[in-house]
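S.K.: quick check, what structure comes out for this input:
(one chain, ligands or ions: 1)
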Amino acid sequence: MVAVVDLADVSIVRGGSTLLDSVSLRIEESDRWVVIGPNGAGKTTLLQVLGAQIHPTDGVAGLLGEVLGLVDVFELRPRIGITSAALAERIPRSERVHDVVVSASYAVLGRWREDYDELDHERADELLTQLGIGQFADRTFGTLSEGERKRVQIARALMTDPELLLLDEPAAGLDLAGREALVRTLSELSQDPYAPASVLVTHHVEEIPVGITHALLLKKGKIVAAGPVEETLTADNLSATFDLPLALTRTDGRWAARAVA
Ligand SMILES: Nc1ncnc2c1ncn2[C@@H]1O[C@H](COP(=O)(O)OP(=O)(O)OP(=O)(O)O)[C@@H](O)[C@H]1O
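M.R.: Just a heads-up that it's a prediction; the model follows:
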């Protein structure tokens, strides 16, 4: 079967710096990946490759059975759902929440004159309900809390029934209760067999949802370790990734890390 993602020795070089260094990665349909690494490790750069936003300087990036550089990215991008802070900033604050989600079917931000099918409207409402924010459908995006906005973005990313879901630091900026509520929702999504393959980027192991199957640890553009989460997410690998002796625990499927004194 064709992998959802098949990167072979992908490098990204910008201004003489190597942002990604010979990254190879294969993601299957049922995989839920987490990418962890310190600031500047190249996580967002990797997500940009996976989102068909940038092309490799070197290597081959296979995405959804196509090869970046040999395919019209405008055909590929609608098949990939993305949430990121950069994208969230582009959502007009005056936009109705329902419209933020439904407009994804036309890959536009800011609803204008498109005609949507009744099915699109139903799907948008369904997703808002699934993400626990059905009651906010008629509010404007700008009136929502940070945590509620994150959920709207995830609903929008799922609207087109993507084959790959990319979540860039979905829990960043949330308070403890907000983080826990979002992790619970993401855990449900990760464990949903009908949900798409996903890649979630985070700095914090505490933000890893239950149901994540694989981990990729990134440092200075290089893979420190990648594979099934149980084998990959170890105290040794995490310590090497963050250059800090760390202890790692897992309770009820959730991870926690702290520095070793
Ligand atoms: N156009 C560019 N030219 C040179 N360096 C760049 C360019 N774009 C990004 N970088 C550098 O590449 C490195 C990786 O950036 P990236 O945003 O992918 O890291 P990250 O792991 O997502 O970091 P963070 O956790 O801080 O968001 C950083 O050191 C960044 O400064």
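
S.K.: going forward, measure contacts between C-alpha atoms and count neighbours the same way
M.R.: Noted.

S.K.: OK, contacts around residue 141?
M.R.: 91-97, 100, 149 (CA atoms under 8 Å, 6 or more residues apart in numbering).

S.K.: what's the answer for residue 253, then?
M.R.: Taking CA under 8 Å, 6+ apart, one finds 210-211 in contact with residue 253.

S.K.: quick check on it: phi, psi?
M.R.: Main-chain torsions, residue 253, degrees, to the nearest 10: phi 80, psi 0.

S.K.: and what of the one 4 residues further on?
M.R.: Phi and psi for residue 257, reported as degrees, to the nearest 10, are phi -130, psi 150.

S.K.: ok, the closest residue to it other than its chain neighbours to residue 176 distance?
M.R.: Distance criterion CA to CA, 6 or more residues apart in numbering; nearest residue to residue 257, sequence neighbours excluded, is residue 248 at 4.5 Å. As for residue 248, its distance to residue 176 is 20 Å (criterion: CA to CA, to the nearest Å).

S.K.: give me phi/psi at the residue nearest to residue 257?
M.R.: phi -130, psi 130.

S.K.: pLDDT-wise, which helix or strand of the chain ranks last?
M.R.: Using mean pLDDT, DSSP states H and E, helix 85-89 stands out as the lowest-scoring helix or strand of the chain, at a mean of 84.

S.K.: for it, list the C-alpha coordinates in PDB.
M.R.: What follows is helix 85-89, C-alpha atoms only, in PDB (Å, rounded to 0.1, in the frame of the first residue of the first chain):
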ATOM      1  CA  ALA A  85      -0.700  29.700  14.800                       C
ATOM      2  CA  ALA A  86       0.300  31.400  11.400                       C
ATOM      3  CA  LEU A  87      -2.900  30.100   9.800                       C
ATOM      4  CA  ALA A  88      -5.000  31.100  12.800                       C
ATOM      5  CA  GLU A  89      -3.800  34.700  12.500                       C
END
